[in-house]
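Visitor: give me coordinates for this.
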Amino acid sequence: MLPLPRLIMAMVGAEAPYAPEEPSPWWLKGLAIFMALMVVFMLFSTASGILSPMLVNRFMPEDFEDIEPYPEDGTEEEKAEWDRSNEEWDALVEYIDDMMGVMEFSAVHSGLLAIMGMFCIPVLWRGDRELGVKLVGAWIGVNFLGGMGMMWMMSRIGFMPKFDYGPEAEEVDLDFIETFSVIAGYGQILLCNVLLLGVLVLVASQSKPATSFDIPSGFRPDEPPQS
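Guide: Got it, this is the predicted structure:
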């Protein structure tokens, strides 16, 4: 049975207010936890991008002769083999130098994402939906643009060093492998960011503040009956 005030309102034809439930705050808090995990991942990526070039420059010799001396007293075949290995080593060193440039770009990109993520976490945790959603959206945009830029750099360098792989490589279409790797890399970045955007849209939808509105009462004594 309706309480007396509600019953009186219904009998006189008043509109009964409807107050929907407020959204759970854990939608935004959950997104804050997710961003905290992403910040940790980005910090590890930043450290890796900084330390890898330093370790390579410290421990990797630039000259093949530091690894294997030139065979002064060797046969012509041994000298030719050394020259071929030396050329491959130079190509490998050049390729690794280019890759270290990608690693440095990755370190800057990951560091920027880590800083942006740190701003997102407290905003989302305290329930500031509007600002939090915008910050995470900007984070996804920077993540997407940086990933596409990194893939562009990789496509120019190549996914494999340019060695002379010999007659055995004729059976393998290396150009196809390179093209497939580039397409797969771009597709992976696009798919990852689409999923991130989908999560953001879901959280934004589920955390939208409730809107109160009135439902007209079924009792309309002032209205003439319909004939």
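Visitor: tell me the contacts of the closest residue to Gly30 other than its chain neighbours?
Guide: The spatially closest residue to Gly30, leaving aside those adjacent along the chain, is Val203, at 7.4 Å (Cβ to Cβ, 6 or more residues apart in numbering). Glycine gets a C-beta too; all of them are placed from N, C-alpha and C. For Val203, the contact set (Cβ atoms under 8 Å, 6 or more residues apart in numbering) comprises Trp27, Leu28, Gly30, Leu31, Val133.
Visitor: could you redo the last one with a cut-off of 10 Å?
Guide: By Cβ atoms under 10 Å, 6 or more residues apart in numbering, the contact set of Val203 is Pro23, Trp27, Leu28, Gly30, Leu31, Phe34, Leu124, Arg129, Gly132, Val133, Val136.
Visitor: min pLDDT across the residues you listed, which one?
Guide: pLDDT across those is lowest for Pro23, at 83.
Visitor: that one: neighbouring residues, count only.
Guide: Using other Cβ atoms under 10 Å, Pro23 has 17 other residues around it.
Visitor: and if you look at Leu28?
Guide: The burial count for Leu28: 23, using other Cβ under 10 Å.
Visitor: if we ignore the residues flanking it in sequence, what's nearest it?
Guide: Nearest one to Leu28, counting by Cβ to Cβ, 6+ apart, is Leu124 at 4.8 Å.
Visitor: do the same with Pro53
Guide: Here the residue nearest Pro53, using Cβ to Cβ, 6+ apart, is Met100, at 4.2 Å.
Visitor: my read: that neighbour touches Met153, true?
Guide: No. The pair Met100 / Met153 is not scored as a contact, 11.4 Å apart, by Cβ atoms under 10 Å.
Visitor: hmm, back to that, and the gap between the residue nearest to Leu28 and Leu92?
Guide: Look at Leu124 and Leu92: by Cβ to Cβ, to the nearest Å, they are 45 Å apart.
Visitor: return the distance of the strand or helix carrying the residue nearest to Pro53 from the chain's centre.
Guide: Taking DSSP states H and E as the criterion, Met100 maps to helix 76-125. Counting by Cα atoms, centre = their mean, to the nearest Å, helix 76-125 is centred 19 Å from the centre of its parent chain.
Visitor: quick one: Ala36 and Gly101, what's the gap?
Guide: 30 Å.
Visitor: before we move on, what about Gly49?
Guide: 11 Å.
Visitor: neighbour count winner among those two?
Guide: The neighbour comparison of Gly49 against Gly101 (other Cβ under 10 Å) goes to Gly49, with 20 against 12.
Visitor: ok, now how distant is that one from Gly132?
Guide: 28 Å.
Visitor: my guess is His109 contacts Asn143. True?
Guide: Yes. Counting by Cβ under 10 Å, His109 does reach Asn143; the two are 8.2 Å apart.
Visitor: helices along this protein, start to end?
Guide: Using DSSP state H, the helices of the chain run over residues 4-11, 26-59, 76-125, 129-157, 174-206.
Visitor: how about those in CSV, adding distance to Asp66?
Guide: Formatted as CSV, these follow (distance: least, Cβ to Cβ, whole Å):
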stretch, distance to Asp66
helix 4-11, 90
helix 26-59, 11
helix 76-125, 10
helix 129-157, 24
helix 174-206, 29
